[in-house]
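**Q** Have a look; sequence and predicted model below, questions after that.
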Amino acid sequence: MKKSKFTETQIVKAIKEHENGRSALEICRELGISNPTFYQWKQRYGGLEVRELSKLKELEDENSRLKRMFAELSLTHEALKDAIAKKL
């Protein structure tokens, strides 16, 4: 997946400007993005505050860490099961 050149904070700021009455075309022209990109941002980040966005990012990081831990434990568990099965 391609990394955006805009931070999530900048994206939320652009959406807030649109909600305050500024046209989407002006914002798109200023940022150098297409209209569909702006509306995809709006669909994903619409209604979020910067504070909520940072909390969401923390939760996503924690979730990925927990998934990695689960994968490691599952591999260890399978290896131990195989070792016990070979002994019997």
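**A** Nice, I can see it. Residues are numbered from 1 along each chain as shown.
**Q** Next, the buried residues of the longest helix along the chain.
**A** For the chain, the helix with the greatest residue count under DSSP state H is helix 50-87. Neighbour counts over helix 50-87 (16 or more other C-beta atoms under 10 Å) mark L53 as buried. Glycine gets a C-beta too; all of them are placed from N, C-alpha and C.
**Q** now that helix, how far from the centre of its chain.
**A** Distance of helix 50-87 from the chain centroid (C-alpha atoms, centre = their mean, to the nearest Å) equals 18 Å.
**Q** For R44, pull up the helix or strand it's in.
**A** Assessed by DSSP states H and E, R44 sits inside helix 35-45.
**Q** And for that helix, what's in contact with it?
**A** Contacts to helix 35-45, defined as C-beta atoms under 8 Å, 6 or more residues apart in numbering, come from residues E8, I11, V12, A14, I15, H18, A24, L25, I27, C28, L31, L53.
**Q** how near is the last one to K81?
**A** Shown here: L53 relative to K81, a distance of 42 Å by C-beta to C-beta, to the nearest Å.
**Q** one step back: could you list every helix and strand in contact with the longest helix of the chain?
**A** For helix 50-87, the packing partners by 3 or more C-beta pairs under 8 Å, 6 or more residues apart in numbering; DSSP states H and E come out as helix 8-19.
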